[in-house]
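> no sequence on this one, just coordinates:
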DNA sequence: CTTGACATACGAATTACTTAGTACTATAAG
DNA sequence: CTTATAGTACTAAGTAATTCGTATGTCAAG
């Protein structure tokens, strides 16, 4: 048996990103946005958004004939959860080895270091 | 159709971690290690390791009656790939918003900042 | 030689994820 | 009123991931 994803699956995430961007969106809105990047059927988007609703990531409200969806949780919270899950699964819960990778692959450079410094200062 | 995972799935990762730890391992080695944390069948482990071999993550060699497996690629390389895929998928390829999350959730503190600083110095 | 332990090979079952087709309904245009 | 349009509901189907059972073979102990 395959264990259920506790966080967003790749396709779900793709849709959620678009909804967060718009704050409210219809199936058609998302369908058209996705179409710019790849072939996809309208009903596929509908199914995904229905799933996202039953999973508690989207709320819907009827407006005229169509449903208008909006995020049930802020982006930061959901993405944060995904990051936490990733760190737990891949790095056994500690961020430091993750940082090592980021530095060695040059994802972190001086610029990003300044960002971190500034943020740490602000928190204090 | 669901796109094929280019990186390790959760269960595959769990096994790979144990193999990297040991450098070489038999199905029985991994089976016993996994058993300490959860109920699992011997053949399940065998199947997973066979899959990992066909996917190119493990190499096997017969020794007496059993196969001895060893990693086909260093841990750093594979984990690095997973991290890259995650950053691409979740943060559209840029590490900075990831860092923002790490700071805000207190995964990065002064200690980790020093680590980064030191590593950046060494690379220069 | 027989039997038990242990290994692999093969295949099946279940659930999740992803995609999309068909049927039906309601509104709007002519 | 009829028809085209646009929406939802329902169903189905294919692939991937995960788990494990059964069949089979080999070796060593008694």
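Thanks, I have it. Everything numeric in this text was worked out from a predicted model, so none of it was measured. Numbers count the residues shown, from 1 in each chain, chains lettered A, B, ... in the order given.
> residues of the lowest-mean-pLDDT helix or strand in chain A that come out buried?
Here the helix or strand of chain A ranked lowest by mean pLDDT, DSSP states H and E is helix A:110-123, holding a mean of 90. Going by neighbour count (16 or more other Cβ atoms under 10 Å in any protein chain shown), the buried part of helix A:110-123 is A:112-113, A:115-116, A:119. (Glycine included, C-beta is placed from N, CA and C.)
> strands of chain A, start to end?
Using DSSP state E, the strands assigned to chain A run over residues A:58-63, A:66-71.
> the inter-axis angle of the last one versus strand A:58-63?
Read that as strand A:66-71. Orientation note: strand A:66-71 sits at an angle of 150 degrees relative to strand A:58-63 (axes from the mean of the first three to the mean of the last three Cα atoms, to 10 degrees).
> can strand A:66-71 be found next to DNA strand C?
No. Contact of strand A:66-71 with DNA strand C (Cβ under 7 Å from any atom of the strand) is absent, the minimum separation being 10.0 Å.
> what does that strand contact?
Residues lying outside strand A:66-71 but in contact with it, judged by Cβ atoms under 8 Å, 6 or more residues apart in numbering or on different chains, are A:16, A:19-20, A:23-28, A:49, A:52-53, A:57-62.
> generate a PyMOL selection restricted to the buried subset of these.
Buried subset of the contacts of strand A:66-71, written as a PyMOL selection, criterion 16+ other Cβ under 10 Å:
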select buried, chain A and resi 16+19+20+25+26+27+49+52+57+58+60
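> do a quick rundown of the helices in chain A.
Secondary structure of chain A (DSSP state H): helices located at A:10-22, A:27-35, A:42-54, A:75-91, A:96-104, A:110-123.
> packing partners of the last one?
To tie it back to what came earlier, the one meant is helix A:110-123. In terms of contacts (3 or more Cβ pairs under 8 Å, 6 or more residues apart in numbering or on different chains; DSSP states H and E), helix A:110-123 is packed against helix B:96-104, helix B:110-123.
> quick one: it to helix A:96-104, angle?
The directions of helix A:110-123 and helix A:96-104 differ by 140 degrees, with the same axes, to 10 degrees as the criterion.
> which other residues reach helix A:110-123?
Counting by Cβ under 8 Å, 6+ apart, the neighbours of helix A:110-123 from elsewhere in the structure are B:95-96, B:99-100, B:103-104, B:108-110, B:113, B:116-117, B:120.
> need the residues of chain A near DNA strand C, please.
A:1-5, A:9-12, A:39-41, A:43-44, A:46-48, A:51, A:64-65.
> I figured residue A:86 hits residue B:87, correct?
No. Under the contact definition of Cβ atoms under 8 Å, residue A:86 does not touch residue B:87, with a separation of 9.9 Å.
> neighbours of residue A:74, how many?
For residue A:74, the number of neighbouring residues by other Cβ atoms under 10 Å in any protein chain shown comes to 10.
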